[in-house]
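>>> model the following, please.
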Amino acid sequence: MKLLTTVLTILSLSFLSSCENGPSSKSVEIFPLKQLSYTDSTVSYAGDTLSINTEYFVIANAPDDKVALREVVESYNKETLSVKDTQKYYAFFRMFYRETDAIGRDYVEKHEGYFNHDRIEHHGDDRILVVKWENYGKNVTYEFE
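Model (predicted):
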């Protein structure tokens, strides 16, 4: 009987500890996909050349709650981006994707022939947030997907 009680206690403790280490308790990590980031330019109706910068990121253990997600991304942006960086470009975009089997923290686009390619645009269902700085950093918007 003591052995059964001991085994049940150990199983209960291991179950509780696995619950504590579940997905909700994992820390959120953000990984830049630098090989996908690029700067482009366009010409306005007035003939001015406007530059647009786009950066891509993968978020591991992204929170489901939009408020929590926004707080994580705002904190990350404050750590990695200065106001001057956003003011260099007419528009500055940061695209955030959830980490999945298809898009990992080391995601690289594949171009292996006409029908066999994998581009970040094909994973729109995994995009969770787009942050836009427009009009040389004067307007900031958070668009949840």
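
>>> any buried residues in the biggest strand by length in the chain, and which?
Looking across the chain with DSSP state E, the single longest strand is strand 49-60. For strand 49-60, the neighbour count (16 or more other C-beta atoms under 10 Å) marks N53, T54, E55, Y56, F57, V58, I59 as buried. No exception for glycine: its C-beta is placed from N, CA and C like everyone else's.

>>> figure out how far the next helix or strand after it is from the centre of its chain.
The helix or strand immediately downstream of strand 49-60 is helix 66-80, counting by DSSP states H and E. Mean C-alpha position of helix 66-80 versus that of the full chain (C-alpha atoms, centre = their mean, to the nearest Å) differs by 10 Å.

>>> and stretch 53-64, by the same measure?
0 Å.

>>> what does it contact?
With C-beta atoms under 8 Å, 6 or more residues apart in numbering as the test, stretch 53-64 has contacts from 23, 26-33, 36-40, 69, 72-73, 88-89, 91-99, 103-105, 107, 120, 128.

>>> could I get the full set of strands for the protein?
29-32, 38-43, 49-60, 91-98, 110-111, 117-118, 127-134, 139-144.

>>> re earlier: buried subset of the contacts of stretch 53-64 as a ChimeraX selection?
To isolate the buried members of these in ChimeraX, using 16+ other C-beta under 10 Å:
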select :28,30,31,33,36,69,72,73,89,91,92,93,94,95,96,97,98,99,103,107,120,128
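
>>> quick one: the closest residue to I52 other than its chain neighbours from D40, how far?
Closest residue to I52 apart from its sequence neighbours, by C-beta to C-beta, 6 or more residues apart in numbering: A91 at 4.5 Å. Using C-beta to C-beta, to the nearest Å, one gets 9 Å for the distance from A91 to D40.

>>> what's the closest non-adjacent residue to the residue nearest the centre of the chain?
Geometric centre of the chain, nearest residue: F96, 2.9 Å, by C-alpha atoms, centre = their mean. Using C-beta to C-beta, 6+ apart and skipping the chain neighbours, the partner closest in space to F96 is L129 (4.3 Å).
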